[in-house]
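**Q** here is a sequence with its predicted model. Questions after.
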Amino acid sequence: MSGHSKFANIKHRKEKNDSAKGKIFTIIGREIAVAVKDGGADPFNNSRLAVVIAKAKANNMPNDTIDRGIKKAAGDLGNVNYEYVTYEGYGPNGIAIIVDALTDNKNRTAANVRSAFTKGNGSIGTPGCVSFMFDKKGQIIIDKEECNMESDELMMLALDAGAEDFSEEEDSFEIVCDPDLYEQVVAALEVAKIPMMSSEVTMIPQTFVDLTDEVTIKALQKTLDLLEEDDDVQAVYHNWDE
């Protein structure tokens, strides 16, 4: 699965600035609230909450902040009205785009997402129109500079924990696993004290599309930027080979 890390690394380098980190913490905070509402405040009995906590830790959210978020959500269940919604569509040149949102106003979110596609010369499609081009996987990215373990040893650790693929890029390692085994793989890495640059259940493109026309690239980037800036948008997936 070489190539996935290239996309992930670009994405997470962008997220290292403070404003992007603030957006990530807001996203994770909403996910914690919904997870607690749906399954309770105990991550041992709530797999969705356990997955969100793993994501929070990988994004360096302080434990105190995570705990406060869980306690707040547990004591404020009646006011948690967010719901998940997914949009699928096409950017310029047929680039496949999936948008995951968590919103308390679906009309507002739908209008914003549609506007983002339109401004980038794209269009919203019907459910399922592009999702078949992606695989839902657990994906963990490890920065080589922060990892003291040799690549072969790390690979065996990941595979023994249930990972299905391990790849090495110039500056990182990528571990891919079945979503159902994601918590198990993350736990094994945590026990081994392996720092994770990113950790999430994500949508990985089966193939990537290369763009060379500057006008097309600019239009696509406009759509992606507008989506990323929307407070309701949790994640954006696409098959553009950046």
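**A** Received the coordinates, thanks.
**Q** next, Glu170: secondary structure please.
**A** Following DSSP: H, G, I helix; E, B strand; the rest coil, Glu170 is assigned to coil.
**Q** now Gly39, nearest residue through space, not along the chain?
**A** The shortest distance from Gly39 to any non-neighbouring residue, by Cβ to Cβ, 6 or more residues apart in numbering, is to Asn46 (3.5 Å). Where you see a C-beta, it was placed from the backbone N, CA and C, and this is true even at glycine.
**Q** swap in Ala73?
**A** Spatial nearest neighbour of Ala73, chain neighbours left out: Val36 (3.8 Å); criterion: Cβ to Cβ, 6+ apart.
**Q** what is the mean pLDDT for the helix or strand containing that neighbour?
**A** Assigned by DSSP states H and E, Val36 belongs to helix 18-39. Average pLDDT, helix 18-39: 82.
**Q** tell me the first helix or strand C-terminal of the top strand by length along the chain.
**A** Longest strand in the chain, counting residues (DSSP state E): strand 134-143. Per DSSP H and E, the first helix or strand lying C-terminal to strand 134-143 is helix 151-161.
**Q** what residues of that following helix count as buried?
**A** For helix 151-161, a neighbour-count test (16 or more other Cβ atoms under 10 Å) marks 154-155, 157-158, 161 as buried.
**Q** what's in contact with that helix?
**A** 140, 142, 147, 149, 166, 168, 173, 175, 177, 181, 184-185, 187-189, 192, 194 (Cβ atoms under 8 Å, 6 or more residues apart in numbering).
**Q** same for the helix or strand hosting Thr202, what does it pack against?
**A** Element membership for Thr202 (DSSP H and E) is strand 198-205. Packed against strand 198-205 by the contact rule (3 or more Cβ pairs under 8 Å, 6 or more residues apart in numbering; DSSP states H and E) you find helix 4-14, helix 47-58, strand 134-143, strand 233-238.
**Q** buried residues, the following helix or strand past it. List them.
**A** As assigned by DSSP H and E, the chain's next helix or strand after strand 198-205 is helix 214-229. For helix 214-229, a neighbour-count test (16+ other Cβ under 10 Å) marks 216-217, 219-220, 222-224, 226-228 as buried.
**Q** CSV for these, including distance to Gly22 and pLDDT?
**A** Converted to CSV, these look like this (distance: Cβ to Cβ, whole Å; pLDDT from 0 to 100):
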residue, distance to Gly22, pLDDT
Thr216, 31, 95
Ile217, 27, 95
Ala219, 27, 96
Leu220, 25, 96
Lys222, 22, 95
Thr223, 22, 96
Leu224, 19, 94
Leu226, 18, 95
Leu227, 17, 95
Glu228, 13, 90
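**Q** possible to save the residues you listed as a markdown table with distance to Lys57?
**A** Formatted as a markdown table, the buried residues of helix 214-229 follow (distance: Cβ to Cβ, whole Å):
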| residue | distance to Lys57 |
| --- | --- |
| Thr216 | 38 |
| Ile217 | 34 |
| Ala219 | 36 |
| Leu220 | 32 |
| Lys222 | 33 |
| Thr223 | 31 |
| Leu224 | 26 |
| Leu226 | 29 |
| Leu227 | 25 |
| Glu228 | 22 |
